[in-house]
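In: what's the 3D shape of this:
(chains A and B)
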Amino acid sequence: MSTTNDAMPVPRSSMKRLPMMDLWWLPRALVLGLLAFVIFGPLTNLVLWTVAERWYFPNALPMSYGFSFWARVFSPRGNAMEALGNSVLVAMLTVILALALAIPAGFALARLKLPFRGLILLAFLLPQAFPNLPVYVNIARVFYQLGLNGTILGVVLVHMTHGLVFSVWIATAAFSAVDIELEQAARSVGASAIRTFRDITLPLAMPGLMASAIFVFLESLDEFTGSYFVGAPDINMLPLLLYTASGGGNYQIASITALVLLVPSIGFMLVVERFLKSDVLSKVGH
Amino acid sequence: MSHRPLSLLLVAPALAVILLLFVVPLVASVVGAFEVGDGFGFGNFVKATELYTQDAIFTVVIVSLSTVLIGLFSIAIAGYLTLGENPRTVAILRWLYRWPMFIPFIVTGQVLRTFLAKNGLFNNVLISLGILTPVQAESFLDWRGIVIAFVWKQTPFVTLLLAGAMASLDRSTIEAARNLGASRLRILFEIVVPQVATTLLVGLILSFVTMMSVLSVPLMINAQSPTMLTTDIAFRINAYGDYGVANALGLVSLLITSVVAWIYLRHGVRKSL
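Out: Coordinates of the predicted model:
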């Protein structure tokens, strides 16, 4: 799992160069080609929409191409820049808050004696274990009374609660994957518990913690339901903009917004295994 | 290292957040489901049953079907990644399968909304391959669109978990079975999958619940009746401010997931409790 394949050629063109030693290359190439179409077909369609000036049925491809919709989305008066700014701000605040809570909790769950450890770990799964929608609806009701509805803080609080699922579980797994003998060795040569944590445990768990930070960031960036009930219409965010544009039949603006949301996600996908090694993954849920 | 007060202190803030911002609103939604006027009763459920029984069934069928498909595809992909003997195919597959994983649901909705539409790339490719005529082209933006969106988005997630668990398995039993002449398919289902069953179950349950909560996909792909309960809940709030029926529908979806959570508790977490 640890070696990724950066120099991998584009799959569809590389199929011709598959070894033809046995007859199995044909079904293999067919299945891979089909999979490539299933995965990249929809993405291609999205990219086409971002540069389509006019595209009506039954034309298979856009009738004219251009970037006028890009100019419209990113114009200073357009609300995409405001939405982007709000989305990034909320995501960063969510990461800071979630990790500040998850690192101590994850360490305690992985290393310290804790009564009801299994139940506590399960409690952090709650936001993932129950449908969120009824919860968001009722949070929005309470936040409205508290004046938190339609504020950045309100949205951050909602995102953070859900972010704790990933951050606590991955932090616990990351701390569990650290070899306990290294800690014991440090302690036996006289290092204090805090020093051992700072110099041994934390650096070794760092890749897993980074992964959980990126998870929380992306979760927040992409979150729709909570922002829809707690943030809208006062706080404009990218997913809300995408939804409104798509609902209004403006596929170009919706697709451009979708592309902006895609870039950080795809970037993370390409590097995720550097952070999230299989030794940490196999500890998730244990 | 075993100071109980300290360990509780470290966990308490995070636990408090979950309690205040998740458990309390969750309880409020359950209580709210029974609030009728000034008192309590089953009025909301009567109304919900009258209006949305079909949608509840629709939701269960769609999410269950998606879960089964996600399970099958992820076993197939993770299994090939673990047992595949053609290194180049394994490498391409590993590079390929993960793409949809981090694509947000809302973007998945938009992407597939354009792809599966009557004029989408899917129909256009079938037409240009001569499989369909333009007259036969139809929109897939109904229940099929929702299932495709869920499977497209969630399969890589379960596959990643599964492939990780398979990679850390002891290879010697696999090699031994291989030397004895067992087929790879047999090794996959008799040796590999049973050992990673817990991981598979966790991944599928997380996906099930995620699909039960996602509002954006049904909203963007198929908001007409019959639709999913999530869309109905949002509609009750936005159109009528009707928290009673919305909470009743919320409780129905909670009950559906509780069945799944119960399976998880029985099989998944028992070891670590």
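
In: helix or strand for residue A:53, which one?
Out: strand A:52-54 (DSSP states H and E).

In: what comes up buried for that strand?
Out: residue A:52 (16 or more other Cβ atoms under 10 Å in any protein chain shown). Just so you know, the C-beta spots here come from the backbone N, C-alpha and C atoms, and that holds for glycine as well.

In: and the next element down the chain from it?
Out: Going down the chain from strand A:52-54, the next helix or strand is strand A:64-65, by DSSP H and E.

In: show residues contacting that following strand.
Out: Strand A:64-65 has contacts (Cβ atoms under 8 Å, 6 or more residues apart in numbering or on different chains) with A:51-54.

In: in its sheet, which strands sit next to that strand, and in what direction?
Out: strand A:52-54 (antiparallel) (DSSP bridges).

In: just give me how far the partner strand sits from the chain centre.
Out: 30 Å (Cα atoms, centre = their mean, to the nearest Å).

In: so for it, mean pLDDT?
Out: Summarised as a single mean, pLDDT over strand A:52-54 is 81.

In: now the helices for the stretch 151-273 of chain B?
Out: Applying DSSP state H, counting those that start in this stretch to the stretch 151-273 of chain B gives helices spanning B:171-179, B:184-187, B:193-195, B:197-213, B:216-221, B:229-235, B:243-263.

In: quick one: the longest one to helix B:197-213, angle?
Out: The reference is to helix B:243-263. Interaxial angle of helix B:243-263 relative to helix B:197-213 (axes from the mean of the first three to the mean of the last three Cα atoms, to 10 degrees): 170 degrees.

In: and helix B:243-263, is it in reach of chain A?
Out: Yes - using Cβ under 8 Å from any Cβ of the partner chain, helix B:243-263 comes into contact with chain A via B:243, B:246-247, B:249-251, B:253-254, B:257, B:261.

In: show me where pLDDT drops low in the stretch 151-273 of chain B?
Out: B:223, B:267-273 (pLDDT under 70).

In: nearest to chain A: which residue in it?
Out: Scanning the stretch 151-273 of chain B for proximity to chain A using Cβ to the nearest Cβ identifies residue B:250 as nearest, at 2.8 Å.

In: mind listing the helices for the stretch 1-150 of chain B?
Out: B:4-18, B:24-33, B:43-83, B:87-97, B:105-115, B:121-128, B:143-167.

In: closest to residue B:190 out of those?
Out: helix B:43-83 (11.9 Å; Cβ to Cβ).

In: need the longest helix for chain A.
Out: In chain A, assigned by DSSP state H, the helix with the most residues is helix A:80-111.

In: mind listing what's buried in that one?
Out: A:80, A:83-84, A:86-88, A:90-91, A:93-95, A:97-99, A:101-111.

In: how about stretch B:143-159?
Out: Quick answer for stretch B:143-159 (16+ other Cβ under 10 Å): B:143, B:145-159.

In: which of those residues lies closest to residue B:205?
Out: Closest to residue B:205, out of all of the buried residues of stretch B:143-159 and judged by Cβ to Cβ, is residue B:158, at 10.1 Å.

In: now do the contacts for the residue nearest to the spatial centre of chain B.
Out: Centroid-nearest residue in chain B: residue B:207, 2.7 Å away (criterion: Cα atoms, centre = their mean). Counting by Cβ under 8 Å, 6+ apart, residue B:207 touches B:66-67, B:70, B:150, B:154, B:157-158.

In: residue A:201: neighbour count?
Out: Neighbours of residue A:201 under the rule other Cβ atoms under 10 Å in any protein chain shown: 22.

In: please identify the most buried of the helices of the stretch 1-150 of chain B.
Out: helix B:105-115 (a mean of 27; mean count of other Cβ atoms under 10 Å in any protein chain shown).

In: put the alpha carbons of that helix into PDB.
Out: Extracted in PDB, the C-alpha atoms of helix B:105-115 (Å, rounded to 0.1, in the frame of the first residue of the first chain):
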ATOM      1  CA  PHE B 105     -21.600  14.400  -2.400                       C
ATOM      2  CA  ILE B 106     -22.900  17.700  -3.700                       C
ATOM      3  CA  VAL B 107     -20.400  17.600  -6.500                       C
ATOM      4  CA  THR B 108     -21.200  14.000  -7.200                       C
ATOM      5  CA  GLY B 109     -24.800  15.100  -7.500                       C
ATOM      6  CA  GLN B 110     -24.000  17.800 -10.000                       C
ATOM      7  CA  VAL B 111     -21.500  15.600 -11.900                       C
ATOM      8  CA  LEU B 112     -24.000  12.700 -12.300                       C
ATOM      9  CA  ARG B 113     -26.900  15.000 -12.900                       C
ATOM     10  CA  THR B 114     -25.100  16.100 -16.100                       C
ATOM     11  CA  PHE B 115     -23.700  12.700 -17.000                       C
END
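
In: does it come close to chain A?
Out: Yes - interface with chain A: helix B:105-115 contributes B:105-107, B:109-115 (Cβ under 8 Å from any Cβ).

In: look at residue A:263 and give its secondary structure.
Out: The three-state label given to residue A:263 by DSSP: H, G, I helix; E, B strand; the rest coil is helix.

In: any idea how far chain B is from it?
Out: 11 Å (Cβ to the nearest Cβ, to the nearest Å).

In: likewise for residue A:170?
Out: Taking Cβ to the nearest Cβ, one finds residue A:170 at 12 Å from chain B.

In: identify the residue nearest that residue in space, chain neighbours excluded?
Out: Leaving aside its chain neighbours, residue A:170 sits nearest to residue A:212 (3.8 Å; criterion: Cβ to Cβ, 6 or more residues apart in numbering or on different chains).

In: residue B:166 too?
Out: Residue B:166 sits nearest to residue B:82 (Cβ to Cβ, 6+ apart), 4.2 Å away.

In: enumerate every residue touching the one you found.
Out: Residue B:82 is in contact with B:163, B:166-167, B:169, B:188, B:192, counting by Cβ under 8 Å, 6+ apart.

In: just checking, residue B:15 touches residue A:121?
Out: No - using Cβ atoms under 8 Å, residue B:15 is not in contact with residue A:121, being 10.6 Å away.

In: residue in the stretch 51-200 of chain A with the shortest distance to chain B?
Out: Closest contact between the stretch 51-200 of chain A and chain B, by Cβ to the nearest Cβ, is at residue A:134 (2.8 Å).

In: so what's the predicted local confidence for that residue?
Out: Listed pLDDT for residue A:134 reads 88.

In: do residue A:281 as well
Out: 67.

In: got the phi/psi numbers for the closest residue to residue B:40 other than its chain neighbours?
Out: Excluding the flanking residues, the one nearest residue B:40 by Cβ to Cβ, 6+ apart is residue B:34, at 4.7 Å. As for residue B:34, its main-chain torsions (degrees, to the nearest 10) stand at phi -100, psi 0.

In: centre-most residue in chain A?
Out: Most central in chain A (Cα atoms, centre = their mean) works out to residue A:218, at 3.0 Å.

In: in terms of contact, does it touch residue B:102 like I think?
Out: Yes - using Cβ under 8 Å, residue A:218 is in contact with residue B:102, at 6.1 Å.

In: what is in contact with the two at once?
Out: Jointly contacting residue A:218 and residue B:102 under the rule Cβ under 8 Å, 6+ apart are A:265, A:268.

In: what stretches of chain A score poorly on pLDDT?
Out: Short version for chain A, where the test is pLDDT under 70: A:1-22, A:57-58, A:272-279, A:281-286.

In: okay, now the domains of it?
Out: Segmentation of chain A into domains, based on automatic domain parsing, reads A:11-66, A:78-281.

In: most packed of these?
Out: domain A:78-281 (a mean of 20).

In: just how off-centre is it within its chain?
Out: 8 Å.

In: next one: stretch B:50-65
Out: On Cα atoms, centre = their mean, the centre of stretch B:50-65 falls 15 Å from that of its chain.

In: would you put the C-alpha positions of that stretch in PDB?
Out: Presented in PDB, the C-alpha positions along stretch B:50-65 are these (Å, rounded to 0.1, in the frame of the first residue of the first chain):
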ATOM      1  CA  GLU B  50     -50.400   9.000   5.200                       C
ATOM      2  CA  LEU B  51     -48.000  11.100   3.200                       C
ATOM      3  CA  TYR B  52     -44.700   9.400   3.100                       C
ATOM      4  CA  THR B  53     -45.100   5.600   3.500                       C
ATOM      5  CA  GLN B  54     -44.100   5.100  -0.100                       C
ATOM      6  CA  ASP B  55     -41.000   7.300   0.400                       C
ATOM      7  CA  ALA B  56     -39.900   5.300   3.400                       C
ATOM      8  CA  ILE B  57     -40.000   2.100   1.500                       C
ATOM      9  CA  PHE B  58     -38.300   3.800  -1.400                       C
ATOM     10  CA  THR B  59     -35.500   4.900   0.900                       C
ATOM     11  CA  VAL B  60     -34.900   1.500   2.500                       C
ATOM     12  CA  VAL B  61     -34.800  -0.200  -0.900                       C
ATOM     13  CA  ILE B  62     -32.500   2.300  -2.500                       C
ATOM     14  CA  VAL B  63     -30.100   2.400   0.400                       C
ATOM     15  CA  SER B  64     -30.100  -1.400   0.900                       C
ATOM     16  CA  LEU B  65     -29.500  -2.000  -2.800                       C
END
